[in-house]
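Asks: curious how this folds, go ahead:
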Amino acid sequence: GFIGTVLYVGPVASAKTQAEIYAGIAWDDVTRGKHDGSVISKSTNQIVRHFKCGPTQGSFLKLAKVDDGVELTPQLMRSRYVRPDAELVAPGNLLSHVARTSSGREKPIEFWGEVKLRNRQQLEVVEEISLRMLGISKPPPDVASVLEEINEFSHLRGIDLAGNLLSDWEDVLNILRLFPNLQTISLASNRINNLGTVSMGTSFLKVKSLNLNKCNISSFQTIASIGAAMPILEELCVAHCNLADVESFDPSSETNQDENKLERIFKNLVLLDLSDCQLTSWQRHIMKLHNLPQLESLIVNDNSIECIEVMAVGDQSAVFPNLTSLQLAGTKISTWTALDPLNSISSLRSLRLRNTPLTNTLGVGEVRSTAIARLPNLEYFNASPITTRERVEAERRYVSTVSRELLLVSSGVNLASERDSSGGEGGSEKQAQLFAKHSQFQLLLDKHKDTMLSLANAGSGSSNQGSIGEEIINVTIRSMAAVSCDMEPLMKRLPRSLKVGRIKTMCAKYFRVDIDLQMLHFRAEGDPFPTELDDAEHSLFYYGVNDGAEILVNEIDVEALEREKARVMEDHSRRVKEQEQHVTVLQSMKKNDQRINALAAEMSQSSV
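Replies: Residues are numbered from 1 along each chain as shown. The predicted structure follows:
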């Protein structure tokens, strides 16, 4: 079946039988319907709107065709698991299927441990149950009649009800109360609205993890009420809910102010996911949570946050006292200075920053290197650990870059864009602006000055050209291509400014791999995921290739590439065809609407 939301129940003005009752549906698939909830009345020839939705999202169905979900019963729960006495899938430990070898012979497929697995998957012994996407919409109608059977599952500690048809908090709470020992609950992707006047009671004192992603919650008061009913809650996910009203949440309006403060409500909360919750300001929205005492992981991906504003609130100087992990992917961060206030969160150790205006204009290596230098407390960036050597190299590179900028300013040389924006400002003012822009520069300069000066002096003995920024790094170039994978790797000392195209030329000569078929990756020591060097015009510095890195040379599989191209073309053609069909349907509907409107106008004139 198809999923939608009932927005209207009653007679339809365009129906042949006015007494018949229909359900007005807004489909989740916005192209499945035929109208926007309005019809032409048979009696008045006027447009009558029964509900409002997208132009091709609405439909009217007879009530007999509407399935409003099923009840959560013991029988439904048991249907998810195979009975111990059911027929074996692999009698004799052999499946009915076979595998064909390269020589054409058939090999039987063995399946061992079926009985042991089946015994471990019985409801009487499992601690967590998944009831995802079963169309569950309500509890048993007569709980007393099934209470004895339900009590057999009272040991359950986790229940997953994601993707069902739950829409009423009373029904949800009545279902959850059937399992008194629950610690983990998932209600994601259900059409649950705000709590309103519904009371949660005291039945959820053991719950530690709650998932409310993609529900219809649009009030932070609902979240606070849920938190108050679950005093030991440790993990809370409310992604894709509109919680912009957190800005106006004020515990002082409640009778007991202390009990309604967020730091008291969520005193045990460790992880909070606020991805895509319509949050636009760190100061007005996120700082409402600054006093959560145990919060370690905060996820605010895909919110329109432009900068971080961490400051003392009231008499307290410590904000987010235990926050160790922060995710800002998909936000509107566009400058490095917008992230500098994160240094005031002394406990922060991990940051995820992707798909932002700032990172989209820079290379992966440059983003990582700059973030490591500007945020000295980080131990992980984009889920990858930061080694001691990587931090030292990133900090020295950062000092070199800023030093060159200061040198250009002091010598009166600046870029055209800087001249346009700064007008006639003097060198001292520009230097002050640079120091303000690079708040970590002076600390890092003092930290690495002696080492960098010694390196610079050593370099000047052999050459009078170059600068601190022109570092030489040691790399190992290893071939993974079939024609040369058994060759000894190349050990090279290369400048960071060397472009990827030059390295490809070098590899073509040594490893005999055509330049056009080369695919280069690099990986640092301890990093399990190589990074592709996908642009021949970019330098090693752009990708953040460090001293001691390994460059891997792979050869593109031409046949596989052709197959992929054919698959992409086929997929493209299919999408174009679907779009053309969609456009045709829309044009046909538009013409039908025009004919209906014209006919209605004619009939209206003739009746006059």
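Asks: list the contacts for Val558?
Replies: Remark: with contacts taken as Cβ atoms under 8 Å, 6 or more residues apart in numbering, Val558 is in contact with Leu517. All C-beta spots, glycine's among them, are computed from the backbone N, C-alpha and C.
Asks: which residues does the nearest residue to Phe435 once chain neighbours are set aside contact?
Replies: Nearest non-adjacent residue to Phe435, counting by Cβ to Cβ, 6 or more residues apart in numbering: Phe441, 6.6 Å away. Neighbouring residues of Phe441 by Cβ under 8 Å, 6+ apart: Tyr398, Val399, Val402, Leu434, Phe435.
Asks: quick one, phi/psi of Ser199?
Replies: phi -100, psi 130 (degrees, to the nearest 10).
Asks: if we can go back for a sec, the contacts of Phe441, buried ones only, as a ChimeraX selection?
Replies: In ChimeraX, this line selects whichever of these come out buried by 16 or more other Cβ atoms under 10 Å:
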select :398,399,402
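Asks: may I have the phi/psi pair for Ile477?
Replies: Main-chain torsions, Ile477, degrees, to the nearest 10: phi -110, psi 120.
Asks: could you verify my assumption that it touches Pro489?
Replies: Yes - if you go by Cβ atoms under 8 Å, Ile477 and Pro489 touch, sitting 6.0 Å apart.
Asks: from Leu63, how far out is the residue nearest to Gly10 when sequence neighbours are not counted?
Replies: Among residues not flanking Gly10 along the chain, Ile21 sits closest, at 6.2 Å (Cβ to Cβ, 6+ apart). To Leu63, Ile21 is 6 Å away according to Cβ to Cβ, to the nearest Å.
Asks: same question for Met287.
Replies: The value you get for Met287 to Leu63, if Cβ to Cβ is used, is 49 Å.
Asks: select the longest helix from this structure.
Replies: helix 558-607 (DSSP state H).
Asks: that helix - what's its average pLDDT?
Replies: The average pLDDT within helix 558-607 is 77.
Asks: report how many residues lie close to Phe381.
Replies: For Phe381, the neighbour count with other Cβ atoms under 10 Å is 20.
Asks: pLDDT at it, what is it?
Replies: 94.
Asks: what's near enough to touch it?
Replies: Ser350, Leu351, Arg352, Leu353, Arg368, Ala371, Ile372.
Asks: adjacent strands (with direction) for whatever helix or strand the second one lives in?
Replies: This points to Leu351. Per DSSP states H and E: Leu351 is located in strand 350-352. Applying DSSP bridges to the sheet, strand 350-352 is found paired with strand 325-327 (parallel), strand 380-381 (parallel).
Asks: can you list the residues that contact it?
Replies: With Cβ under 8 Å, 6+ apart as the test, strand 350-352 has contacts from 301, 324-329, 342, 371, 375, 378-383.
Asks: now list the buried members of those.
Replies: Of the contacts of strand 350-352, these count as buried by 16+ other Cβ under 10 Å: 301, 324-329, 342, 371, 375, 378, 381-382.
Asks: tell me where the chain has helices.
Replies: 74-78, 114-120, 143-151, 169-176, 220-229, 262-265, 364-374, 388-410, 416-422, 427-437, 441-460, 500-511, 540-543, 558-607.
Asks: for those helices, give me a markdown table that also has distance to Pro11.
Replies: Shown next, in a markdown table, are those (distance: least, Cβ to Cβ, whole Å):
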| stretch | distance to Pro11 |
| --- | --- |
| helix 74-78 | 34 |
| helix 114-120 | 53 |
| helix 143-151 | 35 |
| helix 169-176 | 28 |
| helix 220-229 | 34 |
| helix 262-265 | 47 |
| helix 364-374 | 60 |
| helix 388-410 | 70 |
| helix 416-422 | 65 |
| helix 427-437 | 67 |
| helix 441-460 | 73 |
| helix 500-511 | 69 |
| helix 540-543 | 66 |
| helix 558-607 | 19 |
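Asks: rank those helices by pLDDT, which is bottom?
Replies: Sorting these by mean pLDDT places helix 416-422 lowest, at a mean of 47.
Asks: can you list phi and psi of the nearest residue to Leu205 once chain neighbours are set aside for me?
Replies: Spatial nearest neighbour of Leu205, chain neighbours left out: Pro231 (6.4 Å); criterion: Cβ to Cβ, 6+ apart. The phi and psi values for Pro231, taken as degrees, to the nearest 10, are phi -70, psi -20.
Asks: which pLDDT value goes with Pro231?
Replies: At Pro231, the model reports a pLDDT of 94.
Asks: that one and Val207 touch, don't they?
Replies: No - counting by Cβ under 8 Å, Pro231 sits too far from Val207 to count as a contact (9.1 Å).
Asks: so these two - more neighbours on which side?
Replies: When Pro231 is set against Val207 and neighbours are counted by other Cβ under 10 Å, the residue ahead is Val207, at 22 against 16.
Asks: mind listing what the more buried one touches?
Replies: With the criterion set at Cβ under 8 Å, 6+ apart, Val207 makes contact with Leu182, Gln183, Thr184, Ile185, Met230, Ile232, Leu233.
Asks: if I pick the nearest residue to Lys499 once chain neighbours are set aside, what's in contact with it?
Replies: The shortest distance from Lys499 to any non-neighbouring residue, by Cβ to Cβ, 6+ apart, is to Ser539 (5.4 Å). Applying Cβ under 8 Å, 6+ apart to Ser539 gives the contacts Arg496, Ser497, Leu498, Lys499, Val500.
Asks: try 10 Å
Replies: Residues near Ser539 by Cβ atoms under 10 Å, 6 or more residues apart in numbering: 363, 365-366, 495-502, 533, 545.
Asks: cool, thanks, signing off.
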